[in-house]
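Visitor: Give me a model of this one.
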Amino acid sequence: LGGLFVRFLIDFIRATPVLVWLYCLYFILPFYGIRLGALATGMIGLSLYYSGYLAEVFKAGIDAIPNGQAEAARALGLGRIDMTVFVIAPQMLRNIAAPMGNYFVSILKATPYLAVLAVPEMLGRAFDIASETYRYAEPLTVAGLIFLGLALLISLAIKRLETRLLGPTTR
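Guide: Below you'll find the model as predicted:
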């Protein structure tokens, strides 16, 4: 029964737009006595939203490991925790490094949605500067370049992680 609830929750999260989550957390939770600041709401909202996608990545990473690996670990006398830490997790990390990095970049690119909650974020600040100076090209270009730089840094970090996990000979 718990598995069905988790499956429903993940599917529900993935089937709704991120703005729905942000609006619900920011405008509906206070009716139930839960008051969060705009930044906390944004961080929780993006975390909840992308957790559904990352759960699927982790599930696929584990499903890609042949059953024989767990059977071999049990045959060697490894307990459940040791089997998970030393056999399953390292193989899963190899499988999920690239897709997980893609979702980290997606989270970065979703941060402008936080402007609807009045969170001071980079793109919103660029528009503030543009409206003060009546020059849109420069601040928006700078914001775009910063997003690009951050996305490239995340991609580089993921590539290094993949190289470390897979070894230099397999790439």
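
Visitor: low-scoring stretches of the chain, by residue?
Guide: 168-171 (pLDDT under 70).

Visitor: what do you get if the cut-off is 80, keeping everything else the same?
Guide: Applying pLDDT under 80 to the chain flags the ranges 1-2, 118-121, 165-171.

Visitor: buried ones in the longest helix along it?
Guide: If you go by DSSP state H, the chain has its longest helix at helix 137-166. Across helix 137-166, burial judged by 16 or more other Cβ atoms under 10 Å covers 139, 143, 147, 150, 151, 154, 158, 161, 162. Where you see a C-beta, it was placed from the backbone N, CA and C, and this is true even at glycine.

Visitor: repeat for stretch 127-140
Guide: By neighbour count on 16+ other Cβ under 10 Å, the buried set for stretch 127-140 is 127, 129, 130, 139.

Visitor: Which of the residues you listed fall in helices?
Guide: Counting by DSSP H, the buried residues of stretch 127-140 place 127, 129, 130, 139 in helices.

Visitor: would you list those in JSON lines and tack on distance to residue 30?
Guide: Below are those laid out as JSON lines (distance: Cβ to Cβ, whole Å):
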{"residue": "127", "distance to residue 30": "27"}
{"residue": "129", "distance to residue 30": "31"}
{"residue": "130", "distance to residue 30": "32"}
{"residue": "139", "distance to residue 30": "33"}
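
Visitor: sorry, back to before: could you give the separation of the longest helix of the chain from the chain centroid?
Guide: Relative to its chain's centre, helix 137-166 lies at 15 Å (Cα atoms, centre = their mean, to the nearest Å).

Visitor: one step back: any idea which of the buried residues of stretch 127-140 is closest to residue 40?
Guide: Distance to residue 40 across the buried residues of stretch 127-140 (Cβ to Cβ) is lowest for residue 127, with 23.1 Å.

Visitor: Report the contact partners of the closest one.
Guide: Residues in contact with residue 127, defined by Cβ atoms under 8 Å, 6 or more residues apart in numbering, are 139, 140.
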